[in-house]
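Trainee: Based on what follows, work out the 3D shape:
(one chain, ligands or ions: 1)
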Amino acid sequence: MEKQKKRSWAEPYKIKMVELVHMSSYEERKLALETAGYNTFLLKSRDVYIDLLTDSGTSAMSDRQWAGIMMGDEAYAGSENFYHLEETIQKYYGYKHIVPTHQGRAAEHIISQLMIKKGDVIPGNMYFTTTKLHQELAGGKFVDVIIDEAHDPDNEHPFKGNIDLKKLQKVIDTYGPDKIPYVAVATAVNMAGGQPLSLSNLYAVRELTNKYNIKIIHDMTRVAENAFFIKDRESGYSDKSVADIVREICDLTDGATMSAKKDALVNIGGFLAVNDNELFEKARNMVVVYEGLHTYGGLAGRDMEALAIGITESVDENHIKARVGQVVYLGDKLIEMGIPVVKPIGSHGVFLNAKKFLPHLTQDMFPAQALSSEIYLDSGVRTMERGIVSAGRNNETGKHNYPNLELVRLTIPRRVYTQAHMDVVAESIEQVYQHREQITGLQMIYEPEYLRFFQARFAKL
Ligand code: F0G
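Mentor: Just a heads-up that it's a prediction; the model follows:
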């Protein structure tokens with residue numbers, strides 16, 4: 001047998017086409033930042049050099065996916081591409097019925113409206129912005145049941161996405177199972193820093209929910225990345241394929257919402273998947289009101305084709321190893337430089353701990369927002385805030401929510417940037433770290449009602 005050789009995480013592809021980017025000057029960036037009200041979401045893409053705002057819809061598609069785009073069957077009803085997508089989802093994820101949607105939050109809207117009644121509570125492993133909002137708009141209340149370790153950036157628990165079964169039991173005892181339409185289980189928990197949940201935890205959650213006849217709805221946006229960590233860290237899974245682990249996760253749940261713009265390597269797309277026949281009939285009726293006919297749900301035929309191919313590529317072992325490998329490469333480099341980051345390094349990005357980076361700023365001076373501005377100013381690297389601004393206000397008191405995690409997310413798009421880009425990002429953050437004492441806080445001068453982090457504006461204090 002050939003001896004195992006040590007090899008790094010290098011990409012299982014070569015580059016066929018490039019997109020030129022503008023390398024801006026400090027003066028240009030200063031003006032752009034002021035114009036954007038110190039919110040990186042309001043910057044123009046042309047003013048950005050390396051764009052780590054999000055991994056959503058920013059992946060590079062493969063030549064096969066682009067070929068799929070040319071195979072679009074743009075029939076209003078019964079598009080060939082829908083059936084290919086349906087078959088692919090059934091094969092890799094195992095869900096019985098699918099309803100395509102234009103992206104993840106549209107699926108969240110439908111499932112929330114169909115399953116949540118006024119006064120219901122939805123326990124979940126940490127909130128996600130759009131998911132929680134749709135639960136609230138449907139009359140429900142989100143209750144966080146993730147393990148405590150997830151709220152501590154320095155805790156190196158290998159499965160910080162796990163659900164605390166005692167917390168979940170307490171929610172069931174307090175409100176009663178009839179008030180809980182489902183448990184919202186996310187894989188590779190975004191707001192915790194891309195942290196995975198273990199399969200043994202999911203089995204335990206399934207056992208507990210079965211006891212009370214409570215459903216599990218899976219936010220499977222980054223399920224393949226979660227599966228990679230299970231293979232890497234959970235005992236008994238090192239010999240299983242990522243594809244098999246993905247399937248095992250999905251099989252433990254009753255349905256899923258998917259933002260296909262992440263794991264599944266497309267620029268637009270999503271779906272709702274359910275096993276229950278009656279729920280499916282309702283969802284498929286509702287999608288025609290908000291998205292489009294049930295065989296396209298807001299997507300073009302060509303988008304569904306690219307998605308079907310993207311799903312297949314997303315569970316490829318070499319792909320996922322390189323994808324997470326690149327994120328960990330950047331994370332390790334920052335750790336070596338002494339930069340405070342969330343540990344362990346997550347799957348879709350590296351998260352800077354802004355409370356530790358800027359200890360002289362109180363949380364109401366928006367340290368993560370200020371830090372993301374400063375990084376942009378230094379190098380044209382665009383990152384985003386994941387702290388007090390993202391957490392919004394408490395619905396009852398109207399006061400800011402003060403999350404323990406005050407983070408800047410360096411989100412790595414899939415198959416887009418090189419190792420040299422990662423080096424430049426690390427160099428820039430090191431530079432900003434060296435003059436961190438001079439960084440001042442911000443005040444919010446405009447605050448939109450919903451999902452304020454997208455459109456809020458700030459001024460320097
Ligand atoms: N669930 C998770 C875990 C997400 O990360 C996102 C989007 C959604 C649902 C909503 O999906 O954007 O397709 O409507 N996250 C993006 C991000 C926006 O930057 O993290 P969508």
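Trainee: Could you report the distance from residue 413 to the ligand?
Mentor: Distance of residue 413 to the ligand, given as CB to the nearest ligand atom, to the nearest Å: 11 Å. Every C-beta, even on glycine, is put in place using the N, C-alpha and C of the backbone.
Trainee: Can you report how many residues neighbour the closest residue to that residue other than its chain neighbours?
Mentor: The shortest distance from residue 413 to any non-neighbouring residue, by CB to CB, 6 or more residues apart in numbering, is to residue 58 (3.8 Å). As a burial measure, residue 58 scores 19 neighbours (other CB atoms under 10 Å).
Trainee: Smallest gap between the stretch 301-450 of the chain and the ligand, at which residue?
Mentor: When scored by CB to the nearest ligand atom, the stretch 301-450 of the chain has residue 411 as its residue closest to the ligand, at 6.4 Å.
Trainee: which bits of this structure sit near the ligand?
Mentor: Neighbours of the ligand within the chain, by CB under 6 Å from any ligand atom: 54, 56, 103-105, 128, 130-131, 186, 190, 219, 221, 259, 261, 270.
Trainee: From those residues, list the buried ones, please.
Mentor: Buried by 16 or more other CB atoms under 10 Å: 54, 56, 103-105, 128, 130-131, 186, 190, 219, 221, 259, 261, 270, out of those.
Trainee: Chain neighbours aside, what residue packs nearest to residue 156?
Mentor: The shortest distance from residue 156 to any non-neighbouring residue, by CB to CB, 6+ apart, is to residue 343 (5.1 Å).
Trainee: correction: residue 212
Mentor: In this structure, residue 212 finds its nearest non-sequential neighbour in residue 177, 3.8 Å apart by CB to CB, 6+ apart.
Trainee: ok, now residue 370?
Mentor: Nearest non-adjacent residue to residue 370, counting by CB to CB, 6+ apart: residue 442, 5.1 Å away.
Trainee: List the contacts of that neighbour.
Mentor: Taking CB atoms under 8 Å, 6 or more residues apart in numbering as the criterion, residue 442 is in contact with 38, 365-366, 369-370, 373, 458-461.
Trainee: by contact count, what packs against the helix or strand residue 333 falls within?
Mentor: Using DSSP states H and E, residue 333 falls within helix 317-336. For helix 317-336, the elements it packs on are helix 223-233, strand 349-353, helix 419-434, judged by 3 or more CB pairs under 8 Å, 6 or more residues apart in numbering; DSSP states H and E.
Trainee: tell me the angle the second one makes with helix 419-434.
Mentor: For strand 349-353 against helix 419-434, the angle by axes from the mean of the first three to the mean of the last three CA atoms, to 10 degrees is 10 degrees.
Trainee: Next secondary structure after strand 349-353?
Mentor: Per DSSP H and E, the first helix or strand lying C-terminal to strand 349-353 is helix 354-357.
Trainee: Need the contact partners of that next one.
Mentor: Contact with helix 354-357 is made by 153, 339-340, 361, 363, 367-368, 370-371, 387, 406-408, 433, 436, as judged by CB under 8 Å, 6+ apart.
Trainee: about what we covered before: format the contacts of residue 442 as CSV; extra columns: pLDDT.
Mentor: Shown next, in CSV, are the contacts of residue 442 (pLDDT from 0 to 100):
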residue, pLDDT
38, 98
365, 98
366, 98
369, 98
370, 98
373, 98
458, 98
459, 97
460, 96
461, 94
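Trainee: of those residues, closest to residue 247?
Mentor: Using CB to CB, residue 369 comes nearest to residue 247 of those, at 39.6 Å.
Trainee: State the number of residues packed around the closest one.
Mentor: For residue 369, the neighbour count with other CB under 10 Å is 28.
Trainee: Next, the contact list for it, please.
Mentor: Contacts of residue 369 by CB under 8 Å, 6+ apart are 38-39, 385, 387, 389, 442, 458.
Trainee: In JSON lines, list the residues you listed along with distance to residue 290 and secondary structure.
Mentor: Shown next, in JSON lines, are the contacts of residue 369 (distance: CB to CB, whole Å; DSSP: H, G, I helix; E, B strand; the rest coil):
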{"residue": "38", "distance to residue 290": "34", "secondary structure": "coil"}
{"residue": "39", "distance to residue 290": "28", "secondary structure": "coil"}
{"residue": "385", "distance to residue 290": "29", "secondary structure": "strand"}
{"residue": "387", "distance to residue 290": "31", "secondary structure": "coil"}
{"residue": "389", "distance to residue 290": "28", "secondary structure": "helix"}
{"residue": "442", "distance to residue 290": "36", "secondary structure": "strand"}
{"residue": "458", "distance to residue 290": "33", "secondary structure": "strand"}
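Trainee: residues near residue 113, how many?
Mentor: 16.
Trainee: In the record's domain split, what are the boundaries for this structure?
Mentor: Following automatic domain parsing, one gets these domains for the chain: 26-55+317-460, 63-314.
Trainee: any idea which of these is most buried?
Mentor: Stretch with highest mean neighbour count among the domains of the chain: domain 63-314 (a mean of 21; mean count of other CB atoms under 10 Å).
Trainee: partner residues bridging the residue of the stretch 251-400 of the chain found nearest the ligand?
Mentor: Proximity of the stretch 251-400 of the chain to the ligand (CB to the nearest ligand atom) peaks at residue 259, 3.1 Å away. Under DSSP bridges, the beta-bridge partners of residue 259 are residue 270.
Trainee: what residues are up against residue 133?
Mentor: Residues near residue 133 by CB under 8 Å, 6+ apart: 450-451.
Trainee: Please consider this matter closed, and thank you.
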